[in-house]
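> sharing a model prediction with you, sequence too.
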Amino acid sequence: MAESAAVHAAAIAQAIKASGVVVRVEPANFQRILNQQDEPIVVCARGGFFRIHWRYLTTYKGLAFFTMSPDPLPLPGRAQLIDARSIWIPG
């Protein structure tokens, strides 16, 4: 059991190293971050089997911000939207 947990923890640590810093925020905070940018780039993916949810990813001042929402978020008209097949965030 302990060996399995160690392997899992190592895999998560490696994924974080590969993806950089990802900050999880609530949808309202994500929208505030978008509103602070002139032309935000937003990656969006729909996910879920039993319950549909939306995942969003953007960068701001060198950090990547991620949120999930049960409903599509209203994005600023100036946002550049990239539709992705999926977004996977470690941990």
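Nice, I can see it.
> identify the bridge partners of the residue nearest to residue 84 when sequence neighbours are not counted.
Spatially, and ignoring its direct neighbours in sequence, residue 84 is nearest to residue 45 (4.3 Å; C-beta to C-beta, 6 or more residues apart in numbering). From N, CA and C alone the C-beta is placed, and that goes for glycine too. Taking DSSP bridges as the rule, residue 45 bridges to residue 55.
> correct me, but residue 45 touches residue 85?
Yes - counting by C-beta atoms under 8 Å, residue 45 touches residue 85, with 6.5 Å between them.
> which of the two has more residues huddled nearby?
The neighbour count for residue 45 versus residue 85, taken as other C-beta atoms under 10 Å, is higher for residue 45 (17 against 7).
> do you have the helices of the protein handy? List them.
Listed in chain order, the helices found in the chain under DSSP state H are 2-19, 27-35.
> now the weakest link among the ones you listed, please, by mean pLDDT.
Of all those, mean pLDDT reaches its minimum on helix 2-19 (a mean of 57).
> list the buried residues of stretch 71-80.
By 16 or more other C-beta atoms under 10 Å, the buried positions in stretch 71-80 come out as 75, 79.
> run through who's touching it.
Residues from elsewhere that reach stretch 71-80, judged by C-beta atoms under 8 Å, 6 or more residues apart in numbering: 27, 30-31, 34-35, 38-42, 54, 56, 67, 81.
> I'd like the average pLDDT over it.
Stretch 71-80 carries an average pLDDT of 92.
> spatially central residue in the chain, please.
residue 66 (2.8 Å; C-alpha atoms, centre = their mean).
> for that one, give me its contacts.
Going by C-beta under 8 Å, 6+ apart, residue 66 touches 22-25, 30, 55-57, 87, 89.
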